[in-house]
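1. A predicted structure for the sequence below; I have some questions about it.
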Amino acid sequence: MDITHIFNKKEVKGEGEGNFFLSNNKGGYFTLGNSIISQYNGWFYFLEDEWNTYKIIENLGIKDTPNKIINHGSYVDKLYDDSRERFFLADEQTLFYYIKNYEGLVDLFIDFRKIHDFNNCGRIYDYYFEKGCLIIEYKKYSDDSLNVLIDKKFLVIKGFFDVVDKKEWVYRDYSYDKLRNTKYDFHVFFPFSFNFKSKNTESLIVFRFSNDKDSAITECMRHYHNSIESNVLKNIDEIDSKIACAKLAFNNVITRFESKNTYGIFAGFPWFFQVWARDELISCAGFLVQKHFWIMKEILMNYWNSFLENGLISNRRPSSDLGSADGVGWLFKRTLDLLISLENKHYFDEYFDKEELVFIYVKLLSSLDKLFDKKSINGLIYNDALETWMDTHGGFDDNRSGFRIEIQALILKGLELSVFISKKLGVNFNKHENRFNNFKNLIVEKFVHDGILRDGLEFDKSVDFKTRPNIFLAYYVCPDLVSLEVWKKTFDLVLQECWLDWGGLSSISKNDPLFQPEHSGMNNKSYHRGDSWYFINNIAAICLFDLDKKIGKNIYAQFSEKIRKASVKEMMFSGYIGQCAEISDAKEMSSKGCFAQAWSAATLLELLSKYK
């Protein structure tokens, strides 16, 4: 299918799969494609008080296959021979649907339920006209006896149209969900089709979702008769179309939590609608590139205000059983990134006063002391099973417990942060500098073997010689950790064993018996044992690009350029067009996992800005 992206009146054209994604920056989203491939297609509303997502519309549109899809950033057009559909999310509860030059039926399929509520008992839909609007009323009962009502929702629709009754339950067999080995068989409700009888016109239909019918009618009428308010996060002032697309991809996963009056970054859509500390903090690179310093500071300060007793930070909001050994290290890294960026731009005093700096300093020293007291053995920081970003075992004895190179680099970054802040505060920094140097030397002593920086050490002090791309995380965090010669030899090994010809890295050596060439879905066999992660690819390209500059030769240019091209192609013409997917198969470039992943977008934005 023809895909066109338009940014600042510049067009980027290509061929793609035709799935699109719109975000309202309130946790809700709307996504459709040529076909409905997943239970996660449709319109979803974020229930902030429950931290859950509610599905409303499963599908909406003309039955025919479009000739072209145009992504305008804040809205999407589907073009047919003579007709055009346009989709726009006006706010968290309102969807705009425009149709132009079309005569015929537009089908509406609905599926009111919480995103992971698969109980089909007691689901009753009705629709009727009231106050110039079409009302779909949904009642959810505890069971099919219909005696106990547990939920009621309304979808109010305003526009000039006729409807053709259907009132059918329709079976869905979602191909992408089947591929992922998750639930794929559903029934959705087909209440009616909109019937448009005049071709040479443009019609607008406004959909308003709510628990309260009267307020939904009022707001639906208001939106129908008034202009659309723009969203500042969607106004991208950028000449380079690739960077503009990456900015939008990142901004689409930013969420404003009204109840807490704060921003956050969801890990990914459609199903990672949680704020994972690791993902959010890595993704803060997107704020740095766009100079959104206030938002970044707000997010960082939320973490500095919520340390756990053991010196770590919570893994995610809402909480989960998985631990996180690296979240606190990414807080150290991103805080130092922000402080240095403000310092270099002479903005420091505009964003941080002495009191705030002292607060961070005290929290930092307390955290470091606790980590070295409670989480260290022989001076190195350890993590338990599944506490790094590689947090699945896939049914294998592969959990990365022990001492991991990126964890050491991140803690070293905390020590570097202590030196920086102590200098800013004018206090004695010598002890922090000595601590930094001693820990750095210990890492080099324990992790460098045969001139190569290794992925980790086991608890029994043996070296883990498995080759993984985590070395690039260590370079990204602490590029001065080892000599250029060691970095080069290490990078060469990882590229030799993990490089994928399409422009990515496998998450474990292709020679390893655990390696899986194709994404295996929810059983996680391939997740960290073969699948190629776009955020790792982007970070690797940043590191390769940087090492080339330091060496003064283009040794790795072919790799970094191929990664850049693959990530851009995936963003623009695969998965959700204009968004960055979570992972790819190892054997060939693809969009797998979540199709709109925060750290994939943020790191691609950082990579493109460095190339610029």
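-> Structure received.

2. can you show me the strands along the stretch 51-200 of the chain?
-> 52-61, 68-71, 75-79, 84-91, 94-100, 104-114, 123-130, 133-141, 149-158, 162-173, 185-196 (DSSP state E, counting those that start in this stretch).

3. my error: substitute the stretch 401-550 of the chain in the last question.
-> 403-404, 448-449, 452-453, 456-457, 463-464, 499-500, 504-505, 532-533.

4. contacting residues for the residue lying closest to Glu518 once chain neighbours are set aside?
-> Among residues not flanking Glu518 along the chain, Asp585 sits closest, at 5.0 Å (C-beta to C-beta, 6 or more residues apart in numbering). The way it works is simple: take the backbone N, C-alpha and C, and place the C-beta from them, glycine included. Residues in contact with Asp585 (C-beta atoms under 8 Å, 6 or more residues apart in numbering) are Pro517, Glu518, His519, Asp531, Ser532, Lys592.

5. ok, back up a step: tabulate the strands of the stretch 401-550 of the chain (a markdown table), appending distance to Asp82, mean neighbour count and mean pLDDT.
-> Shown next, in a markdown table, are those (distance: least, C-beta to C-beta, whole Å; neighbours: other C-beta atoms under 10 Å; pLDDT from 0 to 100):
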| stretch | distance to Asp82 | mean neighbour count | mean pLDDT |
| --- | --- | --- | --- |
| strand 403-404 | 58 | 28 | 98 |
| strand 448-449 | 66 | 14 | 98 |
| strand 452-453 | 61 | 22 | 98 |
| strand 456-457 | 61 | 24 | 98 |
| strand 463-464 | 62 | 16 | 97 |
| strand 499-500 | 43 | 20 | 98 |
| strand 504-505 | 41 | 28 | 98 |
| strand 532-533 | 42 | 28 | 98 |
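
6. circling back to that earlier point, any idea how far Ala601 is from the residue nearest to Glu518?
-> 20 Å (C-beta to C-beta, to the nearest Å).

7. same thing with Lys199?
-> 39 Å.

8. these two: which is more packed in?
-> Ala601 (33 against 12; other C-beta atoms under 10 Å).

9. secondary structure class of that one, three-state.
-> Here Ala601 is helix, with the state taken from DSSP: H, G, I helix; E, B strand; the rest coil.

10. how about the contacts made by Asn120?
-> His187.

11. residue numbering should commence at 809 henceforth.
-> Got it, first residue is 809 now, which makes that one Asn928.

12. for the closest residue in space to Ile1219 that isn't next to it in sequence, give me the pLDDT.
-> Counting by C-beta to C-beta, 6+ apart, Ile1219 lies nearest to Ile1189, which is 5.0 Å off, once chain neighbours are set aside. Per-residue pLDDT puts Ile1189 at 98.

13. was I right about Ile1189 contacting Gln1216?
-> Yes: counting by C-beta atoms under 8 Å, Ile1189 touches Gln1216, with 6.1 Å between them.

14. any idea how far Lys1296 is from Lys1358?
-> Lys1358 is 10 Å from Lys1296, by C-beta to C-beta.

15. for Ser1340, same thing?
-> Distance from Ser1340 to Lys1296, by C-beta to C-beta: 23 Å.

16. do Ile1279 as well
-> Ile1279 is 12 Å from Lys1296, by C-beta to C-beta.

17. more crowded one of these two?
-> A count of neighbours by other C-beta under 10 Å puts Ile1279 above the other of Ile1279 and Lys1296, at 25 against 16.

18. could you measure from that one over to Cys1351?
-> Ile1279 is 9 Å from Cys1351, by C-beta to C-beta.

19. who touches both of the two?
-> In terms of C-beta under 8 Å, 6+ apart, Ile1279 and Cys1351 are both contacted by the residues Phe1299.

20. Ile1189 and Gln1216: which is more packed in?
-> Taking neighbours as other C-beta under 10 Å, Ile1189 and Gln1216 compare with Gln1216 leading, 27 against 24.

21. name the nearest residue to the more buried one, ignoring sequence neighbours.
-> That would be Ile1251: by C-beta to C-beta, 6+ apart, it lies 4.8 Å from Gln1216.

22. quick one, what contacts the closest residue to Phe1237 other than its chain neighbours?
-> Leaving aside its chain neighbours, Phe1237 sits nearest to Ser1230 (3.9 Å; criterion: C-beta to C-beta, 6+ apart). With contact taken as C-beta under 8 Å, 6+ apart, Ser1230 is in contact with Tyr1169, Asn1236, Phe1237, His1240.

23. quick check: the third one touching Val1227?
-> Yes: the pair formed by Phe1237 and Val1227 meets the contact definition of C-beta under 8 Å, at 5.2 Å.

24. overlap of the contact sets of the two?
-> Contacts common to Phe1237 and Val1227, judged by C-beta under 8 Å, 6+ apart, are absent.

25. what ranges does the stretch 1209-1358 of the chain have for its helices?
-> Residue ranges of the helices in the stretch 1209-1358 of the chain, as given by DSSP state H, counting those that start in this stretch, are 1213-1233, 1238-1255, 1278-1285, 1292-1306, 1342-1359.

26. make a markdown table out of those and add mean pLDDT.
-> Shown next, in a markdown table, are those (pLDDT from 0 to 100):
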| stretch | mean pLDDT |
| --- | --- |
| helix 1213-1233 | 98 |
| helix 1238-1255 | 98 |
| helix 1278-1285 | 98 |
| helix 1292-1306 | 98 |
| helix 1342-1359 | 98 |
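
27. quick one: which of those is nearest Tyr1111?
-> Nearest of those to Tyr1111, taken as C-beta to C-beta: helix 1213-1233 at 12.8 Å.

28. kindly export the closest one (C-alpha atoms) in CSV.
-> Extracted C-alpha coordinates of helix 1213-1233, given in CSV (Å, rounded to 0.1, in the frame of the first residue of the first chain):
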residue,chain,number,x,y,z
ILE,A,1213,28.3,-4.9,33.0
GLU,A,1214,25.5,-2.4,32.3
ILE,A,1215,24.6,-2.4,36.0
GLN,A,1216,28.2,-1.6,37.0
ALA,A,1217,28.3,1.2,34.4
LEU,A,1218,25.1,2.7,35.7
ILE,A,1219,26.3,2.7,39.3
LEU,A,1220,29.6,4.2,38.1
LYS,A,1221,27.4,7.0,36.6
GLY,A,1222,25.9,7.6,40.0
LEU,A,1223,29.4,8.1,41.4
GLU,A,1224,30.2,10.5,38.5
LEU,A,1225,27.0,12.4,39.4
SER,A,1226,28.2,12.7,43.0
VAL,A,1227,31.4,14.3,41.7
PHE,A,1228,29.5,16.7,39.5
ILE,A,1229,27.1,17.9,42.1
SER,A,1230,29.7,18.3,44.8
LYS,A,1231,31.6,20.6,42.5
LYS,A,1232,28.5,22.6,41.7
LEU,A,1233,27.8,22.9,45.5
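
29. list the buried residues in stretch 900-911.
-> Glu900, Gln901, Thr902, Leu903, Phe904, Tyr905, Tyr906, Ile907, Lys908, Tyr910 (16 or more other C-beta atoms under 10 Å).

30. make TSV out of the residues you listed and add distance to Leu1130 and pLDDT.
-> Output for the buried residues of stretch 900-911, formatted as TSV (distance: C-beta to C-beta, whole Å; pLDDT from 0 to 100):
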residue	distance to Leu1130	pLDDT
Glu900	29	89
Gln901	32	95
Thr902	35	96
Leu903	34	96
Phe904	39	96
Tyr905	39	96
Tyr906	43	95
Ile907	45	95
Lys908	48	95
Tyr910	48	95
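
31. closest to Lys1141 among these?
-> Glu900 (32.1 Å).
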